[in-house]
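Colleague: coordinates only, no sequence provided:
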């Protein structure tokens, strides 16, 4: 078993869920997160496709501080971009089809498309029934 963790744009969540449903993997955990990559939170560099391309080039937008920084009076240099954190556990033999599907849906060719991490899972146990291993995934 492998755990696939994907950090994706907010506006790509629905399409990603649909693509995973088509593959037969609808069980997942989703969290709203904030973070930054090489661009250090620059708004236009990593914005979630909510503004058209011409807007970012026509208007010089400044990065915005994270909600946490604003609410807690932290220095406004702590800049973060809102994303979605998706986690799914799948059998070893379907890792690459799932990863390729996530990439296909989320690749825009622009900065901020996200990252995917694949980690081994030793075991899984369903709390309700006590089923373990691959039986706990279905």
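Modeller: Perfect, I can see it now. What you see is a predicted model, and the numbers here were worked out from it, not measured in a lab. Numbering: from 1, shown residues only.
Colleague: where do the helices sit along this protein?
Modeller: Here the chain has its helices, by DSSP state H, at 13-23, 43-46, 53-58, 67-71, 95-106.
Colleague: any idea how far the closest residue to residue 26 other than its chain neighbours lies from residue 110?
Modeller: Nearest in space to residue 26, with sequence neighbours left out and distances taken as Cβ to Cβ, 6 or more residues apart in numbering, is residue 20 at 6.5 Å. For glycine as for every other residue, the C-beta is placed from the backbone atoms N, C-alpha and C. For residue 20, the distance to residue 110 equals 22 Å [Cβ to Cβ, to the nearest Å].
Colleague: sheet partners, orientation included, of the longest strand seen in the chain?
Modeller: For the chain, the strand that runs over the most residues, judged by DSSP state E, is strand 81-90. Sheet pairing of strand 81-90 (DSSP bridges) gives strand 2-8 (antiparallel), strand 29-35 (antiparallel).
Colleague: closest to residue 125 out of those strands?
Modeller: Nearest to residue 125, of all the strands paired with strand 81-90, is strand 2-8, at 14.4 Å by Cβ to Cβ.
Colleague: still on that earlier bit, comparing residue 20 and residue 110, which shows the higher neighbour count?
Modeller: Legend: neighbour count by other Cβ atoms under 10 Å for residue 20 and residue 110, higher for residue 20 (22 against 14).
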